[in-house]
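Chemist: here you go, sequence then predicted model.
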Amino acid sequence: MTERVDFYVLKSNNAKQRWLFACRLIEKAYLRDLRVVIASDTAAEAKALDELLWTFNERAFIPHDLAAAHITVEPAAPAAELLVNLTAGLPADWERFGRVAEIIDADEDRRRLGRERFKAYRDLKVAVETHQLDDGTDG
C-alpha cells in the first residue's frame, strides 16, 4: 500500500537532467538499503537509463537489472519499497510500493501529464508532497 508520493519538479526541460536526478535519487535509496523499481515508457529508455546508472558518477555503484521497460535495483524486488516513475502515466501496480517518486521536468507535456498524475493520486487519497528543485539539486 502506497503511503506517499513525492513529486520532484525540476526547472530544466532537459530529459537528461531528469534522468541524472533519477540516478542520484536511486543512489540515495540504494545506500539506505531500499529496494527500488524504475519504470520507463519504453525498453529503449530503460536501456539508456541502465547505461546512465553505471556511468553517472564514477564513485557510485548501484547493482541493478534491466528487464523490458523496468529496472530493478538489486536485490530484485517483488517487494520493493520505492517506485521511481519515469513514465507518462500511472504505472501498473503502483499501489504495491510503499513510496512512489515522480520526477517532472519543465517539458510542457511532462508537466501536464505530471499534473494529471498528481490529481489522480490525490483523488485516490494518497499523501502527495511536492519538492521544487533547482538544476543539480540532489533532492
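Modeler: Okay, I see it. Numbers count the residues shown, from 1 in each chain.
Chemist: by mean pLDDT, flag the weakest helix or strand of this protein.
Modeler: One helix or strand of the chain scores below all others by mean pLDDT, DSSP states H and E: strand 70-73, with a mean of 66.
Chemist: which strands and helices sit next to the next helix or strand after that one?
Modeler: Later in the chain than strand 70-73, the nearest helix or strand by DSSP states H and E is strand 82-85. Judged by 3 or more C-beta pairs under 8 Å, 6 or more residues apart in numbering; DSSP states H and E, the packing partners of strand 82-85 are helix 15-31, strand 36-39, strand 99-104. (Each C-beta comes from the backbone N, C-alpha and C, glycine too.)
Chemist: state the mean pLDDT of the shortest one.
Modeler: Meaning strand 36-39. The pLDDT scores in strand 36-39 average 90.
Chemist: for the residue nearest to the spatial centre of the chain, list each beta-bridge partner.
Modeler: In the chain, the C-alpha nearest the mean C-alpha coordinate belongs to residue 84, at 2.4 Å (C-alpha atoms, centre = their mean). Beta-bridge pairing for residue 84 (DSSP bridges): residue 38, residue 101.
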